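> The sequence and its predicted three-dimensional model are supplied below.
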Amino acid sequence: MPLTTPTLRTARLRLRPFTAADADGLFALHSNAEVMRYWDSPAWTEQARAERFLTMCRTMADEGSGVRLALDRASDGAFVGWCTLARWNPEYRSASLGYCLDKTAWGHGYATEAAHAVLRWAFDTLDLNRVQAEADTRNLASARVLEKVGFVREGTLREECVVNGEVSDTWVFGLLRREWQPPTGA
């Protein structure tokens, strides 16, 4: 069953479905080695990867397995990254949260703001009971974002993947509906 990709708004961001016009921004984001430092795939080296990414976004929504939302800064409309709710399982009422932001957007609270918006949608509209997230154990900034929005670190997957040729551990985080605390004033 298809999943309608929402448009969500926060005080400083607009979260929206991707369009073909986002290909250049996606390529710039994913070709930055520093942004991709803790990902389980290397930085992109060819523009065609952006087109495949956009196709995957449409397929994910069409198959009903999740949505990926482009993040635009409300003040100037600049593309700053994306946030996703993937592996949606309506039977188990669960999904996984992820995000990727441009280096220029780091340290401004955008990831936290976007995660809050997606989580509100996930718990209120999709009626989820659990959202999971994962982070490379070296990516302390991402772990802090998850903890700020209420996730609890549940465990470590030892040597779970290879990141840029280095064996890497992954932290697993979980957030349950009964623990979810939407930000006040949102």
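Sure thing, it's come through. Numbers count the residues shown, from 1 in each chain.
> all strands for the protein, in order.
8-9, 13-17, 67-73, 79-89, 94-101, 130-136, 152-163, 166-176 (DSSP state E).
> looking at those, which is buried most?
Among the strands of the chain, ranked by average contacts under mean count of other CB atoms under 10 Å, first place goes to strand 67-73 (a mean of 23). Backbone N, C-alpha and C define where each C-beta goes, glycine included.
> quick one: strands adjacent to that strand?
Strand pairing for strand 67-73, determined by DSSP bridges: strand 13-17 (antiparallel), strand 79-89 (antiparallel).
> Between strand 94-101 and that strand, find me the angle.
30 degrees (axes from the mean of the first three to the mean of the last three CA atoms, to 10 degrees).
> avg pLDDT for strand 67-73?
Averaged across strand 67-73, pLDDT comes to 97.
> which other residues reach that strand?
Residues outside strand 67-73 that contact it (CB atoms under 8 Å, 6 or more residues apart in numbering) are 3, 5-6, 8, 12-19, 22, 25, 56-57, 60-61, 78-86, 101, 105, 110, 114, 118.
> what stretches of the protein score poorly on pLDDT?
Within the chain, the stretches with pLDDT under 70 are 185-186.
> Burial check on Thr137, number of neighbours?
16 (other CB atoms under 10 Å).
> The residue nearest to it when sequence neighbours are not counted and Ser142, how far apart?
Leaving out its chain neighbours, the residue that sits closest to Thr137 by CB to CB, 6 or more residues apart in numbering is Asp169, at 4.4 Å. Using CB to CB, to the nearest Å, Asp169 is found at 14 Å from Ser142.
> How about Ser65?
Distance of Ser65 to Ser142, given as CB to CB: 22 Å.
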